[in-house]
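Visitor: Here is a sequence with its predicted model. Questions after.
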Amino acid sequence: MADSARGYRLAEAVARRSGRTYHLAARLLPSDRRRAIHALYAYARLADDIVDDPGAPLEQAHALDAMESGLRSAVAGASADGVSRDAADILAALAESVDRFQIPMNTFAAFNRSMRMDLPGDPLFRNRYVDFADLAEYTYGSAAVIGLQLLPVLGADVADPDVAAGAALLGDAFQLTNFLRDVGEDAARDRIYLPLRELAAFGVDEQALFHDAATHHTSEPLRRGVAHLIAVNRDQYRRTRGAIAALPPRTRPAIVAAARSYSAILVQIEAQDHDVLARRAVVPVRRRIGHAVASLSGRP
């Protein structure tokens, strides 16, 4: 029998280890909502690890299927088959949170669809994106729906279209920040998430990007492309402020803290002269704690 209490503890450990910004921000939430955030994060992390770790695509696809069907079983009160004990307990915790906060199950289907887009051999597989409209097919499931999953956990008005749009956009903003920070890691997996048409405007094509990644040297054209995409990303964060301000005062500081800390990664990239390949841009712990303290004012 799956142990949801143990699942919550495992999920919190996953968030603490792999999602330090989210883990710190979640500490500003009441315990039941914080545990739900950890369960959501752990599910996403487990699925992401399945597609990111080297392996046979068919086996990875089966593992994703098992996670998805395991969650459906857990929500229905049945046991999750085909997953590890740890995963089964995390799924039990997530199912409990799904029921408690009425998190829409269709968001998990959208998330898993995007995970399959990362799997070579899958009919949905993509590892290049032409423009932002093209990329949105991927980020809707990988990021936007996560923002939508958080709304009921945060006690937000899920029926407000402006709040929902802002939550989805904030997920997209976090994702683009990830893409900018992780250009080298993604290239090592033969993935380019930065829209190629945006890079082409600065003289960067696939060959040039992979050459830079292989030499760990960010060329001047790529630096200019990164600077442009940082401006796009900052505009995304700016356009989420209204939706963040509409969140309940009790839960708003957690999202304010996460948005401040994540957008601060862009500042770090700029401090490195837009060099995204020599070293990973990281926001110091002290600064993230400062963001958490400042967020208590509730101002986005």
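Guide: Sure thing, it's come through. Numbers count the residues shown, from 1 in each chain.
Visitor: what ranges of the chain fall below the confidence cut-off?
Guide: Residue ranges of the chain with pLDDT under 70: 298.
Visitor: Could you report the distance from the closest residue to residue 246 other than its chain neighbours to residue 138?
Guide: Distance criterion C-beta to C-beta, 6 or more residues apart in numbering; nearest residue to residue 246, sequence neighbours excluded, is residue 163 at 5.2 Å. Yep, even glycine has a C-beta here, placed from its N, CA and C like the rest. Noted for residue 163: a distance of 23 Å to residue 138, by C-beta to C-beta, to the nearest Å.
Visitor: coming back round to it: so what's the residue count around the residue nearest to residue 246?
Guide: By the criterion of other C-beta atoms under 10 Å, residue 163 has 22 neighbours.
Visitor: what's whatever helix or strand it lives in packed up against?
Guide: For residue 163, the host element (DSSP states H and E) is helix 161-181. Judged by 3 or more C-beta pairs under 8 Å, 6 or more residues apart in numbering; DSSP states H and E, helix 161-181 is in contact with helix 132-139, helix 145-154, helix 220-239, helix 241-245, helix 252-271.
Visitor: thinking again about what came up before, wait, what's in contact with the residue nearest to residue 246?
Guide: 151, 156-157, 243, 246-247 (C-beta atoms under 8 Å, 6 or more residues apart in numbering).
Visitor: Quick check: ChimeraX command selecting the buried ones in these.
Guide: Buried subset of the contacts of residue 163, written as a ChimeraX selection, criterion 16 or more other C-beta atoms under 10 Å:
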select :151,156,243,246,247
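Visitor: any chance of the contacts of residue 163 in JSON lines, plus distance to residue 91?
Guide: Output for these, formatted as JSON lines (distance: C-beta to C-beta, whole Å):
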{"residue": "151", "distance to residue 91": "21"}
{"residue": "156", "distance to residue 91": "25"}
{"residue": "157", "distance to residue 91": "28"}
{"residue": "243", "distance to residue 91": "29"}
{"residue": "246", "distance to residue 91": "31"}
{"residue": "247", "distance to residue 91": "27"}
